[in-house]
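Novice: sequence first, then the predicted structure, then my questions.
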Amino acid sequence: MVTTPTVGFIGLGSMGSGMSSNLQKAGYRLVVTDVRPEAAAALVEGGATWAATAAEVAAASDIIITMLPTPRHVTDVVSGPGGMLEGIADGATWIDMSTSVPEVADRVRAEESARGLRILDAPVSGMAKGAASGMLQIFVGGDAEDVERVRPVLEAMGDPDRILHVGGHGAGYAVKLMINQLWFSHLVATAEVLAVGVRAGVDLGVLRDSLIASPANSTFVERDVLSILENGDYDEGFAIALACKDLGLSIDLARSVGVPVELSSLVEQVYRRARASYGDKAGEMTPFRLYEDLIHSELRLAPELALAGSEESA
């Protein structure tokens, strides 16, 4: 008889709240904690158990998931006072779904090697709406047999067709950082191109249609940018302070493997300038506003074109 594992979830922010809710809907028993107890209210009402510390979560769980803002937070939650390692059972599974770096989990594997812990890195893409809908992309690094064993848990949070085992320990972190880096680069490049084209007298809708019909097309141009062009939505669900953190991590990764990344470094500078201009809580797509401010015009499609774009991207 197969027993459904109890899942511990640490970190109930904009991403973790949706992910844990979908685990609960899928029938998993949850033990949860967060720095904000109120973030767990709906889960507890639905039957989840609240724990005061990460150690208590780990002691009551078969699989522990962390979904935290930065590597420092992961280190504190895992290894600090009252941390996960104080409560986790030998042989239990820890899945870090944060956008982080390999060093944190590598240190745990090295220092706790005798305990037989199963450790996976499984960062995600899909923003808060993907977390809420249970359709995240998940990039998993670790041993293949561990990935398959926890796949049902991952499928409760993500799109089964886009849960990818991308390699050994640390590969998930690396893939996610590179995806973020390329997406942020697409955003800055698209903002530049649209601002220059419009300033040169080209209609915004015509310019975008021309880009889509050309070899320069991208998912960002065709779909992601529509949140700005249609609704002026710069995605405040993911703060630019976190985007800058991710960019810094990707630059650090490049340095650690000896690859010069001049373009990525410039994109990071643009993001940090936007953060300084609009504040830490501005949306991750806010660098677009730098270019709108430069041309003294918001880049918005005419209502009829915006409607057509929404239908195309649906």
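Specialist: Good, I have the coordinates. Numbering: from 1, shown residues only.

Novice: where in the stretch 1-150 of the chain is pLDDT low?
Specialist: For the stretch 1-150 of the chain, the stretches flagged by pLDDT under 70 are 1-2.

Novice: show me where it has its strands.
Specialist: Taking DSSP state E, counting those that start in this stretch to define them, one finds strands in the stretch 1-150 of the chain at 6-10, 29-33, 49-50, 63-66, 93-96, 118-121, 124-125, 136-141.

Novice: how many residues are close by residue 184?
Specialist: Neighbour count for residue 184, taken as other CB atoms under 10 Å: 24. C-beta coordinates here come from the backbone N, C-alpha and C atoms, glycine included.

Novice: by contact count, what packs against the helix or strand that contains residue 177?
Specialist: In this assignment (DSSP states H and E), residue 177 forms part of helix 171-199. With contacts defined as 3 or more CB pairs under 8 Å, 6 or more residues apart in numbering; DSSP states H and E, the secondary structure elements packing on helix 171-199 are strand 118-121, strand 124-125, strand 136-141, strand 158-167, helix 204-212, helix 240-256, helix 262-278, helix 287-295.

Novice: what would those look like in TSV with distance to residue 228 and mean neighbour count?
Specialist: Putting the helices and strands packed on helix 171-199 into TSV (distance: least, CB to CB, whole Å; neighbours: other CB atoms under 10 Å) gives the following:
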stretch	distance to residue 228	mean neighbour count
strand 118-121	31	23
strand 124-125	19	21
strand 136-141	22	25
strand 158-167	24	17
helix 204-212	11	17
helix 240-256	14	19
helix 262-278	13	16
helix 287-295	5	19
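
Novice: ok, which of those comes nearest residue 303?
Specialist: When the helices and strands packed on helix 171-199 are ranked by proximity to residue 303, the top entry is helix 204-212, at 10.9 Å, counting by CB to CB.

Novice: then that closest one to PDB, C-alphas only?
Specialist: Provided in PDB are the C-alpha atoms of helix 204-212 (Å, rounded to 0.1, in the frame of the first residue of the first chain):
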ATOM      1  CA  LEU A 204       3.400  50.600 -32.200                       C
ATOM      2  CA  GLY A 205       1.000  47.900 -33.400                       C
ATOM      3  CA  VAL A 206       2.600  47.900 -36.900                       C
ATOM      4  CA  LEU A 207       6.100  47.700 -35.400                       C
ATOM      5  CA  ARG A 208       5.200  44.800 -33.100                       C
ATOM      6  CA  ASP A 209       3.400  42.900 -35.900                       C
ATOM      7  CA  SER A 210       6.500  43.400 -38.100                       C
ATOM      8  CA  LEU A 211       8.800  42.000 -35.300                       C
ATOM      9  CA  ILE A 212       6.500  39.000 -34.900                       C
END
